[in-house]
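In: Mind folding the following:
(one chain, ligands or ions: 1)
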Amino acid sequence: MKGRIGRRAIGSRLGTIGAVAAMLLLSACSPGGANAGLAENAGGPSGAAEAQPARKLVVGLSLDTLLEERWKKDRDLFKAAAEKLGAEVDVQAANGDDAKQIAQAENMISRRVDVLVVVPHDAEVSAAIVAKAHRAGIKVISYDRLILNADVDLYVSFDNEKVGALAAQAIVAQAPRGNFVLIEGADTDNNAHMIKRGQLSVLQSLVDRGDIQIVYDRFTKEWKPAEALANMRAALQANGGAVDAVLAANDGTAGGVAAALAERGLAGKIPVSGMDAELAAAQRIVEGTQTMTVYKPIRKLAETAAELAVRMAKGERVSTDRTVFNKKIDVPAILLEPIAVNRSNIDATIIADGFHSREDVYRHVKETAATGK
Ligand code: BGC
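Out: As a prediction, this is how the structure comes out:
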């Protein structure tokens, strides 16, 4: 899976949602949402007295899964943001089942949602959802994960290549040479490929120089911690325990890696990366069994996507200052900034942001100190 990130010349990077709004080119002249006409009825110039109450815009949110910590946050924040803008959100989660995700999306399309926001389980299979939505005149936003080989209308995510580069930089700073293990994400998720590309952008020259050997490199089925644990055990086994650093694609997989290292008495002895700033990972970071995580401020993602979804539902045109190639088209894209988090900046980042409370993050450390365990 190859993706290319393009950049058009207008404007700079996005910081706040205000900035997002400022740089959008909007035109309200051609309502394109399936129900846009209905929504714009009230108070129209042709006789306010007869106007019907406006029907609420409906945003369909099709999620791969709600079985992982981060997606529940995405759902809650997205829903709250869209509702604040006056829209309703119809949430469906397929929990890793492609056929179910397509059926749920078809259902929302036949109920004529005004716009569809999709977190695809499978980057390629979900192209069918885009084709079906378009046949019904409904626009599709790819949320966090890019749908490939489809005429996606907008992609809102983080800079996933940067996620991989930040992780690799942090790990190389701790282990500039030696045997590296790559525990990647799900092969079916384009993010996993972008993250790997970002990691290799940092590692490749060190590999070429002979400083680093990549001794094990596997995708993790469904991003499952248990799969990552099994792969990490295999990596340790194959190398007689001689592993100097691990790049784990997210915090779930890092949890599996940490467990495998603990079985060999290696917990906290070699650097391990992650992503998502999950609570368990933040706790591992303060305990010293995970080196870093990459924090992706999900509130910003959810609020940006909700705002743009509502605009698209109203038939406004949205354009961005960059694109990402999805093997078919250059998809207009908004890529937010990920942030590297380690023990020294954890307070200033995820705790200061209210992503987790200080109490929760340090709970185990304090309990350990108090009980002397
Ligand atoms: C997301 C990650 C998440 C992973 C597993 C990826 O597409 O970007 O934040 O950890 O999926 O759900």
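In: measure the nearest residue to Asp360 once chain neighbours are set aside to the ligand for me?
Out: In this structure, Asp360 finds its nearest non-sequential neighbour in Leu279, 5.9 Å apart by C-beta to C-beta, 6 or more residues apart in numbering. Glycine gets a C-beta too; all of them are placed from N, C-alpha and C. Distance, Leu279 to the ligand, using C-beta to the nearest ligand atom, to the nearest Å: 13 Å.
In: From one end of stretch 263-279 to the other, what's the distance?
Out: 22 Å (C-alpha to C-alpha, to the nearest Å).
In: Ok, stretch 122-142 next?
Out: 12 Å.
In: Likewise for stretch 152-161?
Out: Rule used - C-alpha to C-alpha; the end-to-end distance of stretch 152-161 is 20 Å.
In: can you give me the offset of it from its chain's centre?
Out: How far stretch 152-161 lies from its chain's middle: 9 Å, per C-alpha atoms, centre = their mean, to the nearest Å.
In: in that stretch, what's buried?
Out: By neighbour count on 16 or more other C-beta atoms under 10 Å, the buried set for stretch 152-161 is Val152, Asp153, Leu154, Tyr155, Val156, Ser157, Phe158, Asp159, Asn160, Glu161.
In: and the first one, that one's in a helix?
Out: No: remark: Val152 does not belong to a helix; assigned using DSSP: H, G, I helix; E, B strand; the rest coil, it is coil.
In: which ones are touching it?
Out: When contacts are counted by C-beta atoms under 8 Å, 6 or more residues apart in numbering, Val152 touches Val130, Val140, Ile141, Ser142, Leu146, Asn326, Ile329, Val331.
In: so what pLDDT did it get?
Out: Per-residue confidence (pLDDT) for Val152: 98.
In: Count the residues that sit near Val361.
Out: 21 (other C-beta atoms under 10 Å).
In: is it fair to say it lies in a helix?
Out: Yes: using three-state DSSP, the assignment for Val361 is a helix.
In: one step back: narrow the buried residues of stretch 152-161 to those in strands?
Out: Among the buried residues of stretch 152-161, the members falling in strands (DSSP state E) are Leu154, Tyr155, Val156, Ser157, Phe158.
In: quick one: Gly185 and Leu236, what's the gap?
Out: 20 Å (C-beta to C-beta, to the nearest Å).
In: Enumerate the residues of the chain near the ligand.
Out: Glu68, Arg70, Asp144, Arg145, Gly185, Asp189, Asn191, Trp223, Asn250, Met275, Asp276 (C-beta under 6 Å from any ligand atom).
In: what distance separates the strand or helix carrying Val310 from the centre of its chain?
Out: Here Val310 sits within helix 298-313, counting by DSSP states H and E. Helix 298-313 sits 14 Å away from the centroid of its parent chain (C-alpha atoms, centre = their mean).
In: What's the first helix or strand after that helix?
Out: Next element after helix 298-313 (DSSP H and E): strand 322-325.
In: so what strands line up beside that next one?
Out: strand 5-7 (antiparallel), strand 330-336 (antiparallel) (DSSP bridges).
In: which of Gly185 and Leu236 has more neighbours?
Out: Applying other C-beta under 10 Å to Gly185 and Leu236 shows that Gly185 carries more neighbours, namely 27 against 21.
In: Which strand or helix spans that one?
Out: Here Gly185 is assigned to no helix or strand, by DSSP H and E.
In: That one is in contact with Ala248, isn't it?
Out: No: using C-beta atoms under 8 Å, Gly185 makes no contact with Ala248, being 9.2 Å away.
In: in the stretch 151-300 of the chain, which spans are strands?
Out: 154-158, 178-183, 212-218, 245-248, 292-295 (DSSP state E, counting those that start in this stretch).
In: pLDDT of the longest one, averaged?
Out: Spelled out, it's strand 212-218. For strand 212-218, the per-residue pLDDT averages 98.
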